[in-house]
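Participant: Next input, structure requested:
(one chain, ligands or ions: 2)
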Amino acid sequence: MSSGKDPKLKVEISRIPDEGLVLEREDSPSLYELKEAGLIPSENVRLQGMVQKIREGAYLAARVSTALELECGRCLRPYPFQVQSDLRVFFVPESESSEDHEVELTSEDLDTYFHDGKEIDIMAPVRDQIVMAVPIQPLCSPDCPGLCPVCGKDLRKKQCGCKPEEDIDPRLSVLKNLIKRKE
Ligand SMILES: [Zn+2]
Ligand SMILES: [Zn+2]
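Facilitator: Ligands and ions are numbered 1, 2, ... in the order given. Take a look at the predicted model:
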């Protein structure tokens with residue numbers, strides 16, 4: 001069974017069988033509002049997993065895959081970034097959001113989202129999972145030489161010949177310039 005024909009990212013809780021509902025779908029990234037979250041998606045979003053009924057809600061465990069275009073923090077070039085992330089979330093009824101319930105769930109390494117009593121909406125948890133998969137310091141490659149701190153040229157493409165500063169960490173060169181100014 002698959003909810004892949006459902007254009008919306010919702011699953012009716014009453015439709016989830018006891019053995020769980022297999023979730024296998026591929027959707028346009030626009031359904032997950034990734035652009036609104038500040039990301040540039042370059043592939044469809046694929047989901048592979050299962051929804052299970054638990055108590056008053058549901059539990060979703062799925063592998064989320066897609067690709068984004070990120071900007072390298074050193075050379076500022078756009079580069080492709082593959083997202084492969086395991087999502088595990090609980091959906092609880094909004095009325096059940098008493099404080100001790102939240103404490104109980106957040107003490108685990110699992111996220112909690114609310115449902116309206118009828119359907120769960122997988123949009124927000126999947127979007128959040130993709131947002132969280134983005135590295136804090138995106139790099140096109142771990143050894144990206146970045147831009148020359150003197151002339152600003154991309155050092156991967158060409159050595160610019162700015163010899164004196166070449167071995168200096170860009171952060172240090174800022175310091176050095178400050179010191180120069182003081183002298
Ligand atoms: Zn780079
Ligand atoms: Zn240079």
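Participant: Tell me which residues touch residue 125, please.
Facilitator: Contact partners of residue 125, counting by CB atoms under 8 Å, 6 or more residues apart in numbering, are 60, 87, 89, 111, 113. Using the backbone N, CA and C atoms, a C-beta is placed for each residue, glycine as well.
Participant: can you tell me which of these are in strands?
Facilitator: When DSSP state E is applied, the contacts of residue 125 are split such that 60, 87, 89, 111, 113 fall in strands.
Participant: C-alpha coordinates for stretch 43-54, PDB please?
Facilitator: The C-alpha trace of stretch 43-54 is given here as PDB (Å, rounded to 0.1, in the frame of the first residue of the first chain):
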ATOM      1  CA  GLU A  43      15.900  17.000  -7.000                       C
ATOM      2  CA  ASN A  44      12.600  15.500  -6.000                       C
ATOM      3  CA  VAL A  45      12.100  14.500  -2.400                       C
ATOM      4  CA  ARG A  46      11.900  10.700  -1.900                       C
ATOM      5  CA  LEU A  47      10.500   9.100   1.200                       C
ATOM      6  CA  GLN A  48      10.900   5.400   2.100                       C
ATOM      7  CA  GLY A  49       9.500   4.200   5.300                       C
ATOM      8  CA  MET A  50       6.500   3.300   7.400                       C
ATOM      9  CA  VAL A  51       3.800   4.900   9.400                       C
ATOM     10  CA  GLN A  52       2.400   3.100  12.400                       C
ATOM     11  CA  LYS A  53      -0.500   3.800  14.700                       C
ATOM     12  CA  ILE A  54       0.400   4.300  18.300                       C
END
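Participant: who's in contact with that stretch?
Facilitator: Outside stretch 43-54, the residues within contact range by CB under 8 Å, 6+ apart are 11, 13, 16, 18, 20-29, 31-32, 34, 58-67, 87, 90, 120, 122, 126, 130.
Participant: Can you tell me which of those are buried?
Facilitator: Buried members of those, scored by 16 or more other CB atoms under 10 Å, are 11, 13, 16, 20-21, 23, 25, 27, 29, 31-32, 34, 58-62, 64-67, 87, 90, 120, 122, 126, 130.
Participant: Among these, which are located in strands?
Facilitator: Among the buried ones among the contacts of stretch 43-54, the members found in strands (DSSP E) are 11, 21, 23, 25, 27, 58-62, 64-67, 87, 90, 120.
Participant: domains of the protein?
Facilitator: 10-133, 145-183 (automatic domain parsing).
Participant: Pick the most buried one from the ones you listed.
Facilitator: Ranked by mean neighbour count, the domains of the chain are led by domain 10-133 with a mean of 16 (mean count of other CB atoms under 10 Å).
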